[in-house]
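Engineer: Whatever this is, show me its structure:
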Amino acid sequence: MAPHEKSAVLDHLAGFPDSHAFAHYMRPAVLSAMCFIPAMIALYYSLVRALDRYLIRQFLISFALCFGGLYGVWGILDLTENISEFQKSDDTWGLVGHYYLITFAPVFVQMAPFGLLLALLHSLGKLSKAQEVVSMIQTGHGIARLILPLAVIGIFASLACLGFNYQWAPWAQEYKDTLIDEADSEASNKAENVPFFHQKSGRFWLVGVFPYNYNMGEPLRNIVIRTSNEENMPQWRLEAKEAHWNRDSGEWTFHGVKITHLDETISSDGPLMPRYENPDGPVVFKDWPETPWRLIKPGLEAEHLGIPDLYSWILSNQNTEWINKERFLTQWHYRWAQPAICLAIVLLAAPLGISFSQRGAGGGVVLAIFLSAGMMFSSTVFLSLGESNKISPIWAAWGTNLCAFLIAIVLIQRRLVGRPIFQTLKKLLPN
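Structural biologist: Next up, the predicted model:
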């Protein structure tokens, strides 16, 4: 996998040299490091004591069942929705396998927190009902000592989500739609109606269609270019059906061209009227600094960009005033913050899943589900506020995690001193 990813990085940088090279070169390293996460879990499992191994084993079994169930339900619903498009492909089973292979990354990032929540509530609830938690505490192991190995597994889950978030989860969210379009024999577009202004040359671009594989040589379609002089007076306007960019020479070749000269008069004594020109063949422009990567940046969806592309976009547009940079800054910080939700879920659910009675932790389960749903809702609200520049992007990305960790500290502290959690909150509610 790493050699294939390295080849993809080199191809990307060859076409778009203004991208941040180091961030992209890290992609094979991150992918390789992710392959060692199961080995790191196994190493940690071999180093801890028997009690920790027992807790980890119970937790991982529950997580495999819960995540597998969630993934299976999602897969059935998604397959039911897209089966008609899959059947239009010449290689139906190959397309299905490819589709669900690439979608595993975004689905894991989205469902891992819920799988951890259900696994913790199930495993700790079962241990509590069998009085095993009480027995562990009576042997001298405190609540914090019981939560520690579970928190370590939460850290490993966060690392896995961080690895997927680096490039492959955001990319797959968009690429899966491309596979569906290709199966339906429809052209898949990366972006549409993208404006771009090159201030130094006074050229304003409006690209109607960016094909998904525009970086592989596919032509841009429905292009309009308008130029102006230093006094901001229009000079000429070019309309073209297609535009090719040569990555070796940097030349732009336009086909189906119609040029309107806006700074010329038809007659010497008449009003200023445009002159139209319809070249017979393609029109070639040399030494233009614009590249497809620079043109498409204003039209990119921040939600579909990984950390290298987001960082490259931010660096390239940090001095551009007419573009909404807060949306990309918020998403860049969120790529780093989102994986921490896994650890936050573990710290929230662990004290709520532990019960010292045989009745189970029914109240704690309800509260854990309520808090987790609140985290997901607050994450959406914080992101919206950050993208609209209502709050700082870094606070928008990390705000939910900060609130969750503070609540988790309070819950763990109350569980350490033996105070009931659900009943205490219940007393605060009106009768």
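Engineer: Please enumerate the helices of the stretch 301-431 of the chain.
Structural biologist: Counting by DSSP state H, counting those that start in this stretch, the stretch 301-431 of the chain has helices at residues 307-316, 325-337, 340-353, 362-387, 393-416, 422-428.
Engineer: Any buried residues in the longest strand seen in the chain, and which?
Structural biologist: Counting residues, the longest strand found in the chain (DSSP state E) is strand 234-245. By 16 or more other Cβ atoms under 10 Å, the buried positions in strand 234-245 come out as 234, 236, 237, 238, 239, 240, 242, 243, 244, 245. Quick note: C-beta positions are derived from backbone N, CA and C, even for glycine.
Engineer: between the helices of the stretch 301-431 of the chain, which one is nearest to residue 179?
Structural biologist: helix 307-316 (19.9 Å; Cβ to Cβ).
Engineer: Send me the closest one as PDB with only the CA atoms.
Structural biologist: Coordinates of each C-alpha in helix 307-316 appear next as PDB, following Å, rounded to 0.1, in the frame of the first residue of the first chain:
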ATOM      1  CA  ILE A 307      -4.900  17.400   5.900                       C
ATOM      2  CA  PRO A 308      -2.300  17.900   3.100                       C
ATOM      3  CA  ASP A 309      -4.700  19.500   0.700                       C
ATOM      4  CA  LEU A 310      -6.300  21.700   3.400                       C
ATOM      5  CA  TYR A 311      -2.900  22.900   4.500                       C
ATOM      6  CA  SER A 312      -1.800  23.500   0.900                       C
ATOM      7  CA  TRP A 313      -5.100  25.500   0.300                       C
ATOM      8  CA  ILE A 314      -4.600  27.600   3.400                       C
ATOM      9  CA  LEU A 315      -1.000  28.500   2.600                       C
ATOM     10  CA  SER A 316      -1.900  29.400  -1.000                       C
END
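Engineer: about what we covered before: will you turn the helices of the stretch 301-431 of the chain into CSV that also has mean pLDDT, mean neighbour count and distance to residue 25?
Structural biologist: Output for the helices of the stretch 301-431 of the chain, formatted as CSV (pLDDT from 0 to 100; neighbours: other Cβ atoms under 10 Å; distance: least, Cβ to Cβ, whole Å):
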stretch, mean pLDDT, mean neighbour count, distance to residue 25
helix 307-316, 87, 20, 9
helix 325-337, 91, 22, 17
helix 340-353, 88, 25, 25
helix 362-387, 81, 17, 29
helix 393-416, 88, 18, 25
helix 422-428, 53, 10, 50
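Engineer: Identify the residues contacting residue 152.
Structural biologist: Residue 152 makes contact with residue 44, according to Cβ atoms under 8 Å, 6 or more residues apart in numbering.
Engineer: Surely it is in a helix?
Structural biologist: Yes: assessed with DSSP: H, G, I helix; E, B strand; the rest coil, residue 152 lies in a helix.
Engineer: Give me the neighbour count for residue 162.
Structural biologist: Counted with other Cβ atoms under 10 Å, the neighbours of residue 162 add up to 22.
Engineer: nearest spatial neighbour of it, skipping sequence neighbours?
Structural biologist: The shortest distance from residue 162 to any non-neighbouring residue, by Cβ to Cβ, 6 or more residues apart in numbering, is to residue 339 (4.0 Å).
Engineer: ok, now residue 340?
Structural biologist: Residue 340's closest residue in space is residue 401 (Cβ to Cβ, 6+ apart), at 4.8 Å.
Engineer: what do you get for residue 55?
Structural biologist: Here the residue nearest residue 55, using Cβ to Cβ, 6+ apart, is residue 149, at 5.2 Å.
Engineer: surely that neighbour meets residue 58?
Structural biologist: No: using Cβ atoms under 8 Å, residue 149 is not in contact with residue 58, being 10.4 Å away.
Engineer: Which other helices and strands does the longest helix belonging to the chain contact?
Structural biologist: For the chain, the helix with the greatest residue count under DSSP state H is helix 50-86. Packing contacts for helix 50-86, counted by 3 or more Cβ pairs under 8 Å, 6 or more residues apart in numbering; DSSP states H and E, involve helix 92-102, helix 104-129, helix 143-166, helix 168-183.
Engineer: tell me which residues in the longest one are buried?
Structural biologist: Translated: helix 104-129. 105-125, 127-128.
Engineer: Which parts of the following helix or strand past it count as buried, going by neighbours?
Structural biologist: For helix 104-129, the following helix or strand on the C-terminal side (DSSP states H and E) is helix 132-138. For helix 132-138, the buried set under the neighbour-count rule, 16+ other Cβ under 10 Å, comprises 133, 134, 136, 137.
Engineer: gap between the closest residue to the first one other than its chain neighbours and residue 33?
Structural biologist: Looking back up the chat, that one is residue 133. Distance criterion Cβ to Cβ, 6+ apart; nearest residue to residue 133, sequence neighbours excluded, is residue 127 at 5.2 Å. Distance of residue 127 to residue 33, given as Cβ to Cβ, to the nearest Å: 33 Å.
Engineer: go on, residue 131?
Structural biologist: From residue 131 to residue 33 the distance is 41 Å (Cβ to Cβ).
Engineer: now swap in residue 26 and tell me
Structural biologist: Here the criterion is Cβ to Cβ. By it, residue 26 lies 10 Å from residue 33.
Engineer: give me the low-pLDDT residue ranges for the stretch 101-250 of the chain?
Structural biologist: In the predicted model of the stretch 101-250 of the chain, residues 182-188, 215-216 satisfy pLDDT under 70.
Engineer: same thing but at 90, please
Structural biologist: Where the stretch 101-250 of the chain drops to pLDDT under 90, the residues are 118, 121-147, 171-221, 227-237, 245-250.
Engineer: who touches the residue nearest the centre of the chain in this structure?
Structural biologist: Centroid check for the chain by Cα atoms, centre = their mean gives residue 170 as the closest residue, at 3.4 Å. By Cβ under 8 Å, 6+ apart, the contact list for residue 170 reads 106, 303, 304, 305, 306, 335.
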